[in-house]
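> Any chance you can model this:
(4 chains)
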There are 2 protein chains.
Amino acid sequence: MTASPRRRIPEATVARLPLYYRALMETGERQVSTISSERLAELAGVNAAKVRKDLSYLGSYGTRGVGYDVEYLLHEISRELGLTRDWPVAIVGIGNLGRALANYRGFGARGFRVEVLIDADPALVGHRIGDLAVVSIDDLDKVVREHNIAIGILATPASAAQDVADRLVAAGVTSILNFAPAVCSVPDGVSMRKVDLAIELQILSFYQLRRGTAGAASPHEQAG
Amino acid sequence: MTASPRRRIPEATVARLPLYYRALMETGERQVSTISSERLAELAGVNAAKVRKDLSYLGSYGTRGVGYDVEYLLHEISRELGLTRDWPVAIVGIGNLGRALANYRGFGARGFRVEVLIDADPALVGHRIGDLAVVSIDDLDKVVREHNIAIGILATPASAAQDVADRLVAAGVTSILNFAPAVCSVPDGVSMRKVDLAIELQILSFYQLRRGTAGAASPHEQAG
DNA sequence: CACACTTTGAGAACGCGTGCACAAGCTCGG
DNA sequence: CCGAGCTTGTGCACGCGTTCTCAAAGTGTG
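Down below sits the predicted model:
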């Protein structure tokens, strides 16, 4: 029995829920039992009105004159984000980045367990990273199904990205986090989020250039 | 003498320029001299109207009935993004992720040269990664100034992030790419972009959950 | 119990970004 | 030189997200 959201939750709000979650976790460890939208906003780096509107999409979990119960709100947000359950994750492409992601501790804490590492290079197959062995891409379908993987991380070179994405989808993966610097399309019903490091630097470069040449600084806050 | 933009370029457009840049680079290698907005849209994964509107912010670089000159457009976009010059970059925090970023080839190609690696761990200082030696964080200010670093990459644990950001800013850095899972504030006139891997997975998890429980798939396209 | 104070929840206005639709402008063939 | 056929550039309408604002609803004190 999962939450029946009172209304559709806007995408911008969904993207901020993890920020609130993190802020509340840190607050909860300090034995604070209640928190105001203003304080939460400060911790999450947004403004208070946005916090209240975002939280109101989940339901009326606050108490006027008091604020929000930290424990309760934490529970509601993690339920909404699906953090109460475990998600087995596969990483495809065990290069520099793939290896770093495989060793990254931040995932496990939130219920994302990296269970499968896949690469196309025969020299890498069988090699152990942490306590996982790298599996050949020929076995992608089999391993992904065996581990019931719903979320895949794509860290291959750009040239292989679309092919691997297709294979993941064919094997039943419905969420992909794509680090490959390539446009990749997936069918309806599959989510894909893209993280491109070079693009982030290029965006910074754009604003850096403006600042350097024109005297007037154009401050720049990230949207998404 | 840099470009005098006809109008202010919307942030959403700036974020897409690198996509067009990449698509044009790949097209240019195939000796194609001209490209329509429709084709460019397909390669960049957006729609044609958006491409035309985005490019029109840079100026009227297309020819009606023909399309855009690949070489010329490439030149204009790279000038706008500041890719015609080199940006020395420093990475602070040489853990799993920092090391992966230090070895990442995708940066150099676009003019971002990683010149400085910094870490707080004395055991790491002096250790070589590629052809760079890790420098102590005590020398941050000195090294950053010596190398004239304007762009810094923050790959430290969350607890150190704000402190390191402050030090980078004090040393003259005005653009920061932040991988640390922490809210970090910088003064006006400094740009900061955040990349949080755990948050990306949590967003995927949200939509994944909706798909699994409700029959109706809620397709999900990323905004920013 | 009344009153001052705090804080939430939501209505309303505003601004930005997207996408449609079409006129303007270019090429090419006859 | 003219007309058919493309493709760009942009005016316009629409929708989403943000922020301002304020009534509603709670707490605490005298």
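
> Check the most centrally placed residue in chain A and give its pLDDT.
Computing the C-alpha centroid of chain A and ranking residues by Cα atoms, centre = their mean puts A:Leu177 first, at 7.7 Å. Looking at A:Leu177, its pLDDT stands at 98.

> Go through the longest helix seen in chain A and flag the buried ones.
Looking across chain A with DSSP state H, the single longest helix is helix A:11-29. Using 16 or more other Cβ atoms under 10 Å in any protein chain shown as the test for burial, helix A:11-29 gives A:11, A:13-24, A:27. (C-beta placed from N, C-alpha, C; glycine too.)

> Lowest-scoring secondary structure element of chain A by mean pLDDT?
Taking mean pLDDT, DSSP states H and E as the measure, chain A has helix A:106-109 as its least confident helix or strand, at a mean of 82.

> Just give me the neighbour total for A:Glu146.
A count of nearby residues for A:Glu146, using other Cβ atoms under 10 Å in any protein chain shown, gives 11.

> And for A:Glu76?
Applying other Cβ under 10 Å, we find 18 residues neighbouring A:Glu76.

> and stretch A:151-160 with chain B, contact?
Yes. Residues of stretch A:151-160 contacting chain B under Cβ under 8 Å from any Cβ of the partner chain: A:Ile151.

> Now for A:Ile137: which residues touch it?
For A:Ile137, the contacting residues are A:92, A:118-120, A:164, A:167, by Cβ atoms under 8 Å, 6 or more residues apart in numbering or on different chains.

> Check the spacing between it and A:Leu117 real quick.
11 Å (Cβ to Cβ, to the nearest Å).

> where do the helices sit along chain A?
A:11-29, A:37-44, A:48-58, A:70-81, A:96-103, A:106-109, A:140-146, A:158-170, A:197-213.

> mind checking which of these is nearest B:Glu38?
For these, proximity to B:Glu38 was assessed by Cβ to Cβ; helix A:158-170 is nearest, at 19.9 Å.

> Now the closest one: buried residues?
Neighbour counts using 16+ other Cβ under 10 Å place A:160-162, A:164-165, A:167-169 of helix A:158-170 among the buried residues.

> wait, doesn't A:Gly111 sit right on A:Leu81?
No. When contacts are counted by Cβ atoms under 8 Å, A:Gly111 is not listed as touching A:Leu81 (9.3 Å).

> Identify the contacts common to these two.
Contact criterion Cβ under 8 Å, 6+ apart; residues bridging A:Gly111 and A:Leu81 by contacting each: B:Ser205.

> Show me which of these two is the more surrounded one.
A:Leu81 (24 against 19).

> Quick check, pLDDT for the more buried one.
What the model reports for A:Leu81 is a pLDDT of 97.

> Quick check: it touching A:Pro18?
Yes. Between A:Leu81 and A:Pro18 there is a contact under Cβ under 8 Å: 6.7 Å.

> Mutual contacts of these two, please.
Counting by Cβ under 8 Å, 6+ apart, the common neighbours of A:Leu81 and A:Pro18 are B:Gln202.

> what's around A:Ala100, how many residues?
When neighbours are counted by other Cβ under 10 Å, A:Ala100 registers 21.

> how close does the closest residue to it other than its chain neighbours get to DNA strand C?
Spatial nearest neighbour of A:Ala100, excluding adjacent residues (Cβ to Cβ, 6 or more residues apart in numbering or on different chains): B:Ala100 at 3.7 Å. With distances taken as Cβ to the nearest atom of the strand, to the nearest Å, B:Ala100 is found 30 Å from DNA strand C.

> Same question for A:Arg8.
Separation of A:Arg8 from DNA strand C (Cβ to the nearest atom of the strand) stands at 14 Å.

> likewise A:Leu101?
Taking Cβ to the nearest atom of the strand as the measure, A:Leu101 and DNA strand C are separated by 28 Å.

> which residues does that residue contact?
A:91, A:107, A:114, A:153, A:155, B:197.

> Could you report the pLDDT at it?
A:Leu101 carries a pLDDT value of 96.

> how close does it get to B:Tyr104?
According to Cβ to Cβ, A:Leu101 and B:Tyr104 sit 13 Å apart.
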